[in-house]
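Participant: Quick one: sequence and predicted model below, then my questions.
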2 protein chains.
Amino acid sequence: MESLLKAIEGIVGPANVLRGDDVAARRVDWMSGAPCRAAAILRPASTEELAAVMMKCHAAGQPVVTHGGLTGLVHGAEADADELVISLERMTAIEALDPVGGTLTAQAGAPLQAVQEAAMEAGMQFPLDLGARGSCTIGGNIATNAGGVRVIRYGMMRQQVLGLEAVLADGRVVSSMNRMLKNNAGFDLKQLFIGSEGTLGIITRAVLRLQPLQPVSQTALVACADFTALTGLLQHVRRTLGEQLSAFEVMWRSHYALLTEESCRHAPPLPSDFPFYALIESLGSDATESAQRFETAIESAFEAGLLSDAAVASSEQQRERLWAIREDIEGLLHHIAPRFAFDISLPIADMEDYVQALERAVSARWPEGRIVVFGHLGDGNLHVTVGTGHDDAETRRAVEALVYEPLAALGGSISAEHGIGIEKRDYLHLSRSPEEIALMRTLKQALDPKGLLNRHKVLPDIAE
Amino acid sequence: MESLLKAIEGIVGPANVLRGDDVAARRVDWMSGAPCRAAAILRPASTEELAAVMMKCHAAGQPVVTHGGLTGLVHGAEADADELVISLERMTAIEALDPVGGTLTAQAGAPLQAVQEAAMEAGMQFPLDLGARGSCTIGGNIATNAGGVRVIRYGMMRQQVLGLEAVLADGRVVSSMNRMLKNNAGFDLKQLFIGSEGTLGIITRAVLRLQPLQPVSQTALVACADFTALTGLLQHVRRTLGEQLSAFEVMWRSHYALLTEESCRHAPPLPSDFPFYALIESLGSDATESAQRFETAIESAFEAGLLSDAAVASSEQQRERLWAIREDIEGLLHHIAPRFAFDISLPIADMEDYVQALERAVSARWPEGRIVVFGHLGDGNLHVTVGTGHDDAETRRAVEALVYEPLAALGGSISAEHGIGIEKRDYLHLSRSPEEIALMRTLKQALDPKGLLNRHKVLPDIAE
């Protein structure tokens, strides 16, 4: 290892091979605060340096773990003591912005927020958005195919990527820095690297698609009397707001009541005794038209009996207050501790029954247990938090079984947007067939035959 | 071969193994009308039958070519006399439609138009649209990542696919029939099969994403004084129409003048002496709002000097007349014969210079030569037709060199939406690097090591 690190120092410079306390001071998991255990952290300044580093690692059979903004939730950044971490923290440049073509070119380590701000300065927008925007990186967003709150309108990260550059396990650079919306010249290789959590290559640069700025937002918190009304409301606002609909975030009563009345963290804009709440947002370009359309949509939903109460934001401050309830993850974590948190997707039509069955199962096993549910309804994505009073490994396994196992029969997914990492790999078979997992292994074997990139992540280890 | 065909008859039934005249009667290329030369055409009725057929073919080392609607433009459906054709023509079922989740499940052989109509009946839309809609199939659309006229708003076929099922070269079935908008449980395997032109697997079923119906359309044909005004206009309507903008189709004067004045095929809605014409369309849900927004967009473009003349359709009949000019491929082919047709993409900012240089180069070499240009400007996609008076192989090579070679320096693509097939494989290196082509070969080798699926397509043959 030491001679390898010396050789790598020759490539990136001694100051960019961190060791000892500099490694341990780094937190690889923002939930647990666990320290980094890698032998060293390498900080290349360019694709060329990274390629040279990977050639050395490949020759030495040295496994590596790639680090972006360290905001992942499935332990994807964990590294063993015999592994090296590749951090993209010095590759943060926004290299180009083409306002005519509507593209932005960035290095993988650029924070999401920096990309959003650069687009905004050019009078456009980069629409992917999530709470970790200040820390998470574009490379991490791509490697995990990040979702967030605007998927219903703009899609996930995969849809924002036009071109990509990656370094393979053996140090070869595959550069597909396409800037066009359309390019059917051969296989679309970038798709391999998007969402595969760094197991097939290390993303170094990307061409991102920008969207026209939509500066006018309308926001309302509404309450629904039952799940049928809630899904009817979703269809109603899809039809009436059309593509201005940019968010349809749902809170089960368990979530809304906890963060308003029960915890006193937020003044409740609506009474907390309705079974469902939805935060509806539209984005548009014309203030008058946008406001009028939104008002009409809410009013006609009332008349159709799809919603029972509503609070429409009439100022930016009010808008922020409504979102603050939905985004108060800290409050949620504080009041349900210890807890297990999940990110699942399933057909919308199955959601009500699924949640009710889970509530019954948790109560039956842990009479003091509770579950809190919110999520991106339009995307089929629920975030489920389960508190049982315990946080031992056995309880975790029992809760995981209750949450994950019913998904198989529904064609649901054990991971809607957070990925698999280490946390969910043993449940991958519930969402993917043996043939699918075999094909994933075929790809891993073809691209990284020595198994050097993000070992033990995504795919379950093969039993010896 | 004969014993293999007997075995296959046992799987699909003798009536579904076509031979002799039934094979030769089938046209594999709608431009040339070339007949099918395969040893037989196999017509499985289900994924299971196809899987059983491929197991037999795999064991026998028998290469196959997959047929959808046979509307491709790059000879992707051609088969040699020692190959078997797999036709999906009996797998045309629309299996399910979920209005709440907004998904439609279909077999690969379902025609695009049947899917569009099924969505419409459910009060939704399937937004992919192209001229071949009545013949082309969903499986073919996916295998070639079809584009069409609404990419600027809805993206290409890749963005419409949520789930996919494919049969691998060895007969294994990989079923990833995901119905959710979000699913990050492991590698997104469907991406491998989308746009790889049947070389990695045979697509059998898909889950498609539906969109809210946008029943109100506004259409205008406008003329621009120069390319700067044209790109300014694109940015202007993107901003003012927002996501209602559903088409921004551009005709160079060469195209518009040919199909109106010169050929007398269409009465010219605008004089034919402007350098550029754009067909602008918006799709919305509210008739009044949509019309008003469109009118404002066109008027303010006038005031800003971005357009010089405009004809706004005030009836469905007028709308059809405007589109008829743009979509009159038959007229184009009739008046430029013989001709070579191309489908390229390049950064919008480089288009004007590229076309001018190509015009000069064609004129210099063939004084009677002419080029006609139209395309999807917002997508960076141009369709270029070159007539030289000759159609021999040498002229073809010379024209291809003039069209394709300048694209390499611009980061352009030799195929925006038609794919590579056989026609463009020898030029793939102009759009993709040696490292990219090597990685494509790695994937082909991993998924189809015997090279049975669509031989000689997409990837250039390796020199012996």
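Facilitator: Sure thing, it's come through. Numbers count the residues shown, from 1 in each chain, chains lettered A, B, ... in the order given.
Participant: Every contact and neighbour count from this point should use C-alpha atoms.
Facilitator: Will do.
Participant: and residue A:2, how many neighbours does it have?
Facilitator: Per other C-alpha atoms under 10 Å in any protein chain shown, the neighbour tally for residue A:2 reads 8.
Participant: residues contacting the residue of the stretch 251-400 of chain A at minimum distance from chain B?
Facilitator: Closest approach of the stretch 251-400 of chain A to chain B (C-alpha to the nearest C-alpha) occurs at residue A:379, with a separation of 5.1 Å. Residues near residue A:379 by C-alpha atoms under 8 Å, 6 or more residues apart in numbering or on different chains: A:151, A:152, A:345, B:180, B:181, B:182.
Participant: The fifth one: what secondary structure?
Facilitator: When states are read from DSSP: H, G, I helix; E, B strand; the rest coil, the local structure at residue B:181 comes out as coil.
Participant: I figured it was touching residue B:162, is that so?
Facilitator: Yes - between residue B:181 and residue B:162 a contact is recorded at 6.7 Å, counting by C-alpha atoms under 8 Å.
Participant: list the residues that contact both of these two?
Facilitator: Counting by C-alpha under 8 Å, 6+ apart, nothing touches both residue B:181 and residue B:162.
Participant: how about residue A:104, secondary structure?
Facilitator: Residue A:104 ends up strand, using three-state DSSP.
Participant: which stretches of the stretch 51-200 of chain A form strands?
Facilitator: Secondary structure of the stretch 51-200 of chain A, counting by DSSP state E, counting those that start in this stretch: strands at A:64-67, A:84-87, A:94-98, A:103-107, A:124-125, A:161-167, A:173-176.
Participant: what's the closest of those strands to residue B:275?
Facilitator: Of all those, it is strand A:94-98 that lies closest to residue B:275, at 24.4 Å by C-alpha to C-alpha.
Participant: And that closest one, what does it pack against?
Facilitator: strand A:103-107 (3 or more C-alpha pairs under 8 Å, 6 or more residues apart in numbering or on different chains; DSSP states H and E).
Participant: orientation of the strand it packs on relative to strand A:161-167 in degrees?
Facilitator: Angle of strand A:103-107 versus strand A:161-167, following axes from the mean of the first three to the mean of the last three C-alpha atoms, to 10 degrees, is 20 degrees.
Participant: Give me the contact status of the host helix or strand of residue A:344 with chain B.
Facilitator: If you go by DSSP states H and E, residue A:344 is part of strand A:340-345. Yes - Strand A:340-345 is in contact with chain B by C-alpha under 8 Å from any C-alpha of the partner chain, via residue A:345.
Participant: So which elements touch that strand?
Facilitator: Checked by 3+ C-alpha pairs under 8 Å, 6+ apart, strand A:340-345 has strand A:381-387, helix A:393-410 packed alongside it.
Participant: try 7 Å
Facilitator: Identification of packing neighbours for strand A:340-345 by 3 or more C-alpha pairs under 7 Å, 6 or more residues apart in numbering or on different chains; DSSP states H and E yields strand A:381-387.
Participant: hmm, back to that, got the contacts of residue A:379 as CSV, with pLDDT, distance to residue A:325 and neighbour count columns?
Facilitator: As requested, the contacts of residue A:379 are exported to CSV (pLDDT from 0 to 100; distance: C-alpha to C-alpha, whole Å; neighbours: other C-alpha atoms under 10 Å in any protein chain shown):
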residue, pLDDT, distance to residue A:325, neighbour count
A:151, 92, 20, 23
A:152, 90, 20, 23
A:345, 96, 22, 31
B:180, 90, 26, 25
B:181, 90, 24, 25
B:182, 93, 23, 28
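Participant: Can you tell me how far the residue of the stretch 251-400 of chain A closest to chain B is from residue A:344?
Facilitator: Residue A:379 sits 11 Å away from residue A:344, taking C-alpha to C-alpha, to the nearest Å as the criterion.
Participant: next one: residue A:240
Facilitator: In terms of C-alpha to C-alpha, residue A:240 sits 28 Å off from residue A:344.
Participant: Give me the more crowded residue out of the two.
Facilitator: Taking neighbours as other C-alpha under 10 Å, residue A:240 and residue A:344 compare with residue A:344 leading, 25 against 22.
Participant: Tell me how far that one lies from residue A:140.
Facilitator: In terms of C-alpha to C-alpha, residue A:344 sits 20 Å off from residue A:140.
Participant: okay, the spatially closest residue to residue A:173 that is not a sequence neighbour: pLDDT?
Facilitator: Spatial nearest neighbour of residue A:173, chain neighbours left out: residue A:167 (4.5 Å); criterion: C-alpha to C-alpha, 6 or more residues apart in numbering or on different chains. pLDDT, residue A:167: 98.
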